[in-house]
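Asks: let me see the structure of the following:
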Amino acid sequence: MGNIGSRAKFVVHGETYYLLEAQGCHDCWDKWRIMLCDKDMNPISLLPIKGVKKTQDGKYSEAYANPYIGQMDNETTAVVSYFMPKEGNNIKEEGELIYYVNFD
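Replies: Got it, this is the predicted structure:
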């Protein structure tokens with residue numbers, strides 16, 4: 001078992017959700033993933049986030065940590081960010097990943 005890290009709460013159409021930082025195994029820094037959880041922190045899904053550049057061994061970047069979600073003027077749009085550690089990711093993709101989401 002790994003660790004549980006940062007959490008980010010957000011609301012969509014009146015329903016509360018969390019983005020949860022979850023580590024696949026203890027001290028495996030390349031195994032940090034982001035899970036979508038319900039209002040009671042029950043896991044709904046492991047988010048299928050993949051980088052755009054392949055790592056040296058031919059895999060896509062897939063380690064993400066420190067979730068943040070900032071909702072805009074309403075509950076249907078948000079800015080999301082994650083940190084991409086060097087472990088488990090292409091060296092050209094490590095750092096912050098930031099994107100815009102429309103939930104409608």
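Asks: going forward, measure contacts and count neighbours with C-alpha atoms only.
Replies: OK.
Asks: residues contacting the strand or helix carrying Arg33, please?
Replies: Assessed by DSSP states H and E, Arg33 sits inside strand 32-38. With contact meaning Cα atoms under 8 Å, 6 or more residues apart in numbering, strand 32-38 is reached by 16-24, 43-47, 62-65, 67.
Asks: redo that, cut-off 7 Å
Replies: Contact with strand 32-38 is made by 16-24, 43-47, 63-65, as judged by Cα atoms under 7 Å, 6 or more residues apart in numbering.
Asks: dump the C-alpha coordinates for the next helix or strand after that strand into CSV.
Replies: As assigned by DSSP H and E, the chain's next helix or strand after strand 32-38 is strand 43-46. Output in CSV follows, covering the C-alpha atoms of strand 43-46 (Å, rounded to 0.1, in the frame of the first residue of the first chain):
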residue,chain,number,x,y,z
PRO,A,43,-13.0,6.3,-4.9
ILE,A,44,-15.0,6.6,-8.1
SER,A,45,-12.2,6.3,-10.7
LEU,A,46,-8.4,6.5,-11.2
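Asks: buried subset of the contacts of strand 32-38?
Replies: For the contacts of strand 32-38, a burial check counting by 16 or more other Cα atoms under 10 Å picks out Tyr17, Tyr18, Leu19, Leu20, Glu21, Ala22, Gln23, Ala63, Tyr64, Ala65.
Asks: which strand or helix spans the first one?
Replies: Pointing back at Tyr17 there. Judged by DSSP H and E, Tyr17 forms part of strand 15-23.
Asks: counting neighbours, what do you get for the residue nearest to Ala22 when sequence neighbours are not counted?
Replies: Once flanking residues are discounted, Ala22 sits nearest to Ile4: 4.7 Å by Cα to Cα, 6 or more residues apart in numbering. By the criterion of other Cα atoms under 10 Å, Ile4 has 13 neighbours.
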